[in-house]
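*Asks:* Build me a model from this:
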Amino acid sequence: MSAKSPFPKPRPVKSRSGKYWSNILGLKNKYLEHKTARFLRLIIQNDYRKIFTGNNFFQEDEMSRRINCFRVMALLMFSLMAFFIAGLAVAQSENFPRVVRNIDQGWRFALIDNGAPGAWQEINLPHSWNTEDTLDGDDKYRMGVGLYQKELEIYPNPDKRYFLRFEAANIKSWVWVNGKEAGSHRGGYTAFAFEVTNLLKPGKNLIEVKVDNSFDREIMPLYCDYNFYGGIYRSVYLIETPKNCIAVTDFASPGVYLTQKDVTEDFAELEFLARVSAENPQGLSIRFIILDATDARVKAVDAELKPNGQWLEAKSSFRLDKPHLWNGVSDPYLYTVQTQLISSGKVIDVVEQPLGLRYFRVDAEQGFFLNGKPYNLHGVNRHQDREGKANALSPADHKEDFALMREMGVNAVRLAHYPHADLVYSICDRLGIVVWAELPFIGKTGDKTGIFLNSKNFQENLKQQMVELIRQNYNHPSILFWSLFNELAPPGDPVPLLKELNALAHQEDPTRLTTVATMLEGPLNDVTDLTCWNQYWGWYYGLVQSFGPWADAQHKNHPQRRLCMSEYGAGASVNQHSDFNYPVVTTGHWHPENYQAYVHERMWKMISERKYFWASFLWNMFDFSVVKRNEGDRPNINDKGMVTFDRKTKKDAFYFYKANWNPEPMIHITNKRYTNRRVPIVQVKVYCNSGPVKLIVNGKEKKMSAKGFSIYTAYAVLKPGENEIKATALTPEGKILSDNCIWNFSLR
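*Replies:* From the prediction side, this is the model:
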C-alpha cells in the first residue's frame, strides 16, 4: 500500500505550455519542443516583459529608447543561442547514452513538529538535522521526521527512462514525485534507486522526501556507541538512460559484477556479469571492454543476453594473460571495465567500473598474504562524522580523512560500523588501502520489549542490507572482507541468523572472506571465515601489558581461528597532560594525551610481535560524537581518535604510528602541548624513524636512548621560566630533521 505524502498539495503554476510555444515556432520534435520552449519561456515571460513595463516604449526619452533597443537586440541574440543550446542538448542526449546529474543544490527542508512541518529552510545536500544537537552537552538529540522538497525543471525525452538515486538517507525514507509515490527504503547506510519515468512531466517537477531517524526495532542498528544522524546525508542523482539499459534498480548496484575467479602473476580467470532492464530485448547484446590505466584497450569480449527473472543477463568467462596486479599501497594499479549495451550494432548504454586484479589469503599462523607475499595489514577504524557536519560530509572531507590516514602510514581501514559512501571505497581503490566493509548488525540483540532478531521483518531487513552492501560495492578491489557484526551482546542468540547471513554473503560473493568483530567468547565467533577481537586492555580493564598473554591464550585455545585485532586503543584530550602514565578512570573527565600514547606504544609492540595476527585496526582514526558519553574534557565525544573531531589537531599517538608505519623520515617531540610544568625533572620522549636523535635543552646537547619502535627518551632538568627543547636527527641522505617546543617551569 502506498504511503500518503505528508506534504501539502502544491498549488498549480499557470504558464504557457511547451506545445503553445512549439506551435508558434512550428516545431515537430517533442524533445526539441520541450528544450526550446524552456529557453523561450524564460526569455519572454521574464526578461522580455520587463522591457515594456512602466512607461510606453515609444514615449520614452532618446537615451531610454537606445537602452531598450540594445536590450531587445541582446534578447534576440539570446534567442538564437537558445536554439543552438536546444540542439546541442539533443546531440548530447544522443551521443552520451547515460546521463548522471547531481541534484544536490536547491532543496528546502523542514522538521515535523506536532504533526506538521515547521519553518522551511533553504539547504543543499548532503544535509543532516543533527549537526548541533549532538554536541550541545546533554544526552539527547532529535530523532524523528524531516521533510525535503526540490523543484526540478526537466523536459523528459520520451525515448529515455529516468531514475532517482539516493546515496543514503538515515534511516527510513519515502519519496514522491509530483505527489505520487516513487518508493520507500528501510536502512540508513546504503543507496537506493527508483524509476520515475512515468512520474515526470515537462517543466517543473516537485520531488518530496520524508526521512525518519527514530528508533525502529525492525531495522539495525539499534543500540550502539554512535549517533544515528537524520537526513539525506549523501548525494542524490537523476539518471537518464535509454529505454533499454543496464540495470539501475538491482539493489542500487551498478548492474555489472566483475568476478575474479582465479588470479596469479601469470593470468587472471575472470567472469563478468551484466544485468539489463529491457522493454524489448530483441537485437540486444553486451560488450565488456577492459582498458588499462592509460585507457588503452586490453581486451574486448561480447556476450549474449538471456532472460533470468526480471532481468536479461549476459555472462562471459575469459582469461587475461600477464595482468598488472593491484598491489596495495605500493602499486594500486587499476584497469577500467567499460560495459556497453549494444542494440543493432549501436552502443546505447555504458557503465564503467574499476577492476583491480589481486589474490589474497589468510593463514592462522603466518597472517595475511597479498599476491602471494606476506603483507602486514595495519590500519584504523573510521566513523563517517565530522564536527559541524554530523555525517553529511563533502567529497573534500572524505579525501582529507584519507590523506591523513596515508600520512600516518595506514594501509588498511575498517569502515565501522556500516557501509560508507561509494566515494570512500573508490578512494581506497586508488590509494591501495585494503578495506574491511561492515554490515550494521551491532550491540544488543534485544531489550525489555523482546528479542529483535526473532522478528521476521528484522531478519529480512538485515538480509536486505547485506545484499545492498555487497552488490553496490562488489567491484571495488580494495574490499577484501565482509563483516557480519560488531560486538553482538545478549539477550538473543544470534548464531542461527549469523549462519544465514554468512551463507548469503558467500552466495552473493564467493571470492571474499567473511569476518566479525567480537568482544565475547562463544559459538558466534566460529561462524565466519575469520575471527577478530575488540580488546581494550589498559583502558576499560586490566593492565595494557596483560594483552599479550591474553592473545597467546586465544591462539593456543583456538588454533583454527584466524585472528586479528579489530579494535584497541585509549582516549585522549589534547588539553590534558600528565608527567606519569598512570591508568585513568575512563568514565571520568581526566584523559591525558600522554596515557593514550603509552597504551598505543605497548599495544603495537605486542601486536607486531605476534605474526598470527593477520591484521590490526586501532580505534579510532578520528574523535567522533556519541551523545550518551560525558567523559574526558568534552561531553558527547568519544576521544579515542588519533586526530580531533574537527580534523585540526594530530595527537601524539598519530606521530607514533607515523614513525612506525610511514617510511618517510620524521621526528616529533611528544607532550609539546604540555607547556606549563610543575616538575623540574622531566622525561623528554621523541618519535623518530631516522635515528639516532640528539636532544638539545637550552642549548646543551644530551644523548637520547633508543627504546625500539622509533621511540627515544632522555631526562632533562628544566630551569625556572622558559625552556627551549629541540630534537634533531639525520636522514640517510644527510637531511636534517628537527622539532622544537617551549616548556615553562614554575613551582607556582
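*Asks:* Tell me which residues are up against the helix or strand hosting Gly443.
*Replies:* Using DSSP states H and E, Gly443 sits within strand 442-444. Here strand 442-444 makes contact (Cβ atoms under 8 Å, 6 or more residues apart in numbering) with 220-225, 417, 485-491. Placement of C-beta: from N, CA and C, glycine included.
*Asks:* cutoff 6 Å now
*Replies:* Contact partners of strand 442-444, identified using Cβ atoms under 6 Å, 6 or more residues apart in numbering, comprise Pro221, Tyr223, Cys224, His417, Asn486, Ala489.
*Asks:* can you check stretch 220-239 too?
*Replies:* For stretch 220-239, using Cβ under 6 Å, 6+ apart, the contacting residues are 100-104, 125-130, 134, 146, 148, 163, 165-170, 213, 248, 390-392, 421, 440-444, 462, 625-627.
*Asks:* Got a quick PyMOL command for the buried subset of these?
*Replies:* In PyMOL, this line selects whichever of the contacts of stretch 220-239 come out buried by 16 or more other Cβ atoms under 10 Å:
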select buried, resi 103+104+125+126+127+128+129+130+134+146+148+163+165+166+167+168+169+170+213+248+390+391+392+421+440+441+442+443+444+462+625+626+627
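*Asks:* Cross the contacts of stretch 220-239 against helices and list the overlap.
*Replies:* Under the assignment DSSP state H, the contacts of stretch 220-239 contribute Leu462 to helices.
*Asks:* Among the contacts of stretch 220-239, which ones are in strands?
*Replies:* Counting by DSSP state E, the contacts of stretch 220-239 place 100-102, 146, 148, 163, 165-166, 442-444, 625-627 in strands.
*Asks:* Show me which pair in the residues you listed is furthest apart.
*Replies:* Farthest-apart pair in the ones in strands among the contacts of stretch 220-239 is Arg101 and Lys444; separation 42.0 Å (Cβ to Cβ).
*Asks:* next one: the next helix or strand after the strand holding Gly443 to chain centre, how far?
*Replies:* Using DSSP H and E, the helix or strand that follows strand 442-444 in sequence is strand 446-447. Mean-position distance between strand 446-447 and its chain equals 29 Å (Cα atoms, centre = their mean, to the nearest Å).
*Asks:* Show me the helices in the chain, by range?
*Replies:* Applying DSSP H to the chain gives helices spanning 18-25, 30-42, 49-51, 62-95, 395-408, 422-431, 456-473, 495-508, 547-557, 593-608, 652-661.
*Asks:* re earlier: most neighbours among the contacts of strand 442-444, which one?
*Replies:* Scoring these on neighbours with other Cβ atoms under 10 Å, the highest-scoring entry is Asn486 at 27 neighbours.
*Asks:* Distance of Glu400 relative to Arg678?
*Replies:* As for Glu400, its distance to Arg678 is 37 Å (criterion: Cβ to Cβ, to the nearest Å).
*Asks:* Between those two, tell me which one has more neighbours.
*Replies:* Using other Cβ under 10 Å as the criterion, Glu400 and Arg678 rank with Glu400 on top: 14 against 9.
*Asks:* Relative to Tyr674, how far out is the more buried one?
*Replies:* Applying Cβ to Cβ, the value for Glu400 to Tyr674 is 27 Å.
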